[in-house]
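Asker: Below are the sequence and a predicted model for it; my questions follow.
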Number of protein chains: 2
Amino acid sequence: MGRPKGFEPDVAVAQAMETFWTKGYCATSPADLAEATGVAKGSLYHAFGSKRELFARALDLYGRIGSGQTEEFLSRPGTAKERIHAYLVLLVDTDLAGPVRRGCLAQNTVEELGGRDEEAARAVHRIEERMIALFAARIEQGQRDGDVDRSVDAGAQALLLQTTLAGLRVMTRTFERPVLRRIIDTALAGL
Amino acid sequence: MGRPKGFEPDVAVAQAMETFWTKGYCATSPADLAEATGVAKGSLYHAFGSKRELFARALDLYGRIGSGQTEEFLSRPGTAKERIHAYLVLLVDTDLAGPVRRGCLAQNTVEELGGRDEEAARAVHRIEERMIALFAARIEQGQRDGDVDRSVDAGAQALLLQTTLAGLRVMTRTFERPVLRRIIDTALAGL
DNA sequence: CTGATTTTAGACCTCAAGTTCAAGAATTAG
DNA sequence: CTAATTCTTGAACTTGAGGTCTAAAATCAG
């Protein structure tokens, strides 16, 4: 019983996620969150406890959406190299398509809060590990399919791929599309 | 004439740089800066105008120190691959050696402010371009020395190297030394 | 309908961030 | 020494961040 919620918590978290992603954690105020979700500040605090807790939920959602999309995208038809190449291009193009380049929420988080916030760093680490596992799995799939050499160390390549991806998202902040394409092509030349 | 400055502006900028680097731009308050520099808030404002302007000077200093050290380190005796490998290891180890992992100021800046602060993004871009030029020059040197294949596209490899470096600094936030070493080894295997 | 329970929304509070200022201290030209 | 000039500092100011609270609103069991 009791009065029913006037908003969908999951939807509010998703909207908060967008705001944190675009503006960063520090630069997002409770007022911003109220505006983004259409829920009054008081209600947000009632439902989520604090800005930090709402952020934790937003980051968690981000990780789940991201790995879901990654898995889906990598598993479409094609060789491992083709799919991974397309994936990197997709990420870059998506970021460049928006009104502001906002990179990756997880990465932004660890760069902004990593030093001070142990739990944020752990949450990001979990997201990274999941991504690496997906990359490794796709490379191993490629080996089974015969399009990736058996001698390749899938784990090491997956780790490097995640690193390249992270670097690419930094470069996307300040370089233009042709340069970024060139980086992707160079990075995957050796696969 | 007039009363002489009670502090060395360049020294204060260096101290401010350390603080911004460790805590991030947002999380650094004027009080923090006063404490770090040993100069009263009022004097800082008198000398530098605003937090943002002091930060601009700190970032500029960071870029100059960084490219100077990089140039010096890369030009020590050894092959291009050896020097670059040692350089990546040095950066990782230096970051891990500190009490907090603080990554790269330029990169932290563009991730924290990139979306909102055009000028910060441009400043970081200049730093990145300088680094890429240094890498390219060192690879070309290797080609002249005969330790790098002539067929290598130095510009493309330099761009990729900067990307890998950026990614590595993200990974350094959440992964431990052995993993990071493995990434470096994998990244440079193809050189 | 009543009472118990939960949510809402905005007023309210506290504190610190970022900046300005006023009054004084140090220096030098004349 | 005086005046002009520049620098110093702690206090004062303004604003908004982050969070609490309360009165009203909505729901449902009995």
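Answerer: Cool, the structure landed.
Asker: My read is that A:R83 contacts A:E72, right?
Answerer: No. Between A:R83 and A:E72 there is no contact under Cβ atoms under 8 Å: 10.9 Å. From N, CA and C alone the C-beta is placed, and that goes for glycine too.
Asker: higher neighbour count, these two?
Answerer: When A:R83 and A:E72 are compared on other Cβ atoms under 10 Å in any protein chain shown, the one with more neighbours turns out to be A:R83, at 18 against 9.
Asker: any residue of the one helix or strand A:E18 maps to up close to chain B?
Answerer: When elements are defined using DSSP states H and E, A:E18 is found to belong to helix A:9-23. Yes. Using Cβ under 8 Å from any Cβ of the partner chain, helix A:9-23 reaches chain B at A:22-23.
Asker: Now do the helix or strand following that helix: distance to the chain's middle.
Answerer: On the C-terminal side of helix A:9-23, the nearest following helix or strand under DSSP H and E is helix A:30-37. When C-alpha coordinates are averaged (Cα atoms, centre = their mean, to the nearest Å), helix A:30-37 and its chain have centres 22 Å apart.
Asker: Whichever helix or strand comes after helix A:30-37 and DNA strand D, are they touching?
Answerer: Past helix A:30-37, further along toward the C-terminus, the next helix or strand under DSSP H and E is helix A:41-48. Yes. Helix A:41-48 lies in contact with DNA strand D when judged by Cβ under 7 Å from any atom of the strand; the contacting residues are A:41-42, A:45-46.
Asker: Which of the residues you listed are buried? Put it as a ChimeraX command.
Answerer: Here is the ChimeraX command that selects the buried residues among these (16 or more other Cβ atoms under 10 Å in any protein chain shown):
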select /A:45
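Asker: Give me the pLDDT value at the residue lying closest to A:L168 once chain neighbours are set aside.
Answerer: Of all residues not flanking A:L168 in the chain, B:T163 sits nearest, at 5.9 Å (Cβ to Cβ, 6 or more residues apart in numbering or on different chains). The confidence metric pLDDT takes the value 98 at B:T163.
Asker: I figured A:I184 hits A:A86, correct?
Answerer: No. With contact taken as Cβ under 8 Å, A:I184 and A:A86 are classed as non-touching, separated by 9.9 Å.
Asker: average pLDDT for stretch A:43-51?
Answerer: 98.
Asker: So which of A:I184 and A:A86 has more stuff around it?
Answerer: Higher neighbour count among A:I184 and A:A86: A:I184, with 23 against 15, using other Cβ under 10 Å.
Asker: How about the contacts made by that one?
Answerer: A:85, A:88-89, A:92, A:168 (Cβ atoms under 8 Å, 6 or more residues apart in numbering or on different chains).
Asker: Now rank those residues by neighbours and give me the top one.
Answerer: Of the contacts of A:I184, A:L168 is surrounded by the most neighbours, 25 neighbours in total, counting by other Cβ under 10 Å.
Asker: Okay, and that residue sits in which element?
Answerer: Mapping A:L168 onto the secondary structure by DSSP H and E places it in helix A:154-171.
Asker: Please report how far A:R182 lies from DNA strand D.
Answerer: 39 Å (Cβ to the nearest atom of the strand, to the nearest Å).
Asker: I figured that residue hits B:L159, correct?
Answerer: Yes. Contact between A:R182 and B:L159 holds when scored by Cβ under 8 Å: they sit 6.4 Å apart.
Asker: Tell me which of the two has more neighbours.
Answerer: B:L159 (23 against 16).
Asker: what's near enough to touch the residue nearest to the more buried one when sequence neighbours are not counted?
Answerer: What sits nearest to B:L159 in space, not counting adjacent residues and going by Cβ to Cβ, 6+ apart, is A:I183, at 5.4 Å. Taking Cβ under 8 Å, 6+ apart as the contact definition, A:I183 lies against A:168, A:171, B:156, B:159-160, B:163.
Asker: quick one: the longest helix along chain A near DNA strand D?
Answerer: Ordering each helix of chain A by length in residues (DSSP state H) puts helix A:118-145 first. No. Helix A:118-145 lies out of reach of DNA strand D by Cβ under 7 Å from any atom of the strand, never closer than 14.2 Å.
Asker: what about that helix and chain B, any contact?
Answerer: Yes. Helix A:118-145 lies in contact with chain B when judged by Cβ under 8 Å from any Cβ; the contacting residues are A:121-122, A:124-125, A:128.
Asker: What about DNA strand C: which of those touch it?
Answerer: Near DNA strand C, by the rule Cβ under 7 Å from any atom of the strand, you find none of the residues of helix A:118-145 next to chain B.
Asker: For ChimeraX, write a command that selects the buried ones of those residues.
Answerer: Per 16+ other Cβ under 10 Å, the buried members of the residues of helix A:118-145 next to chain B correspond to this ChimeraX selection:
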select /A:121,124,125,128
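Asker: ok, so of the residues of helix A:118-145 next to chain B, who is nearest DNA strand C?
Answerer: Lowest distance from DNA strand C to the residues of helix A:118-145 next to chain B (Cβ to the nearest atom of the strand) belongs to A:A121, with 21.8 Å.
Asker: that older thread, is the helix holding A:E18 in proximity to DNA strand C?
Answerer: No. Counting by Cβ under 7 Å from any atom of the strand, DNA strand C is not contacted by helix A:9-23; separation bottoms out at 8.9 Å.
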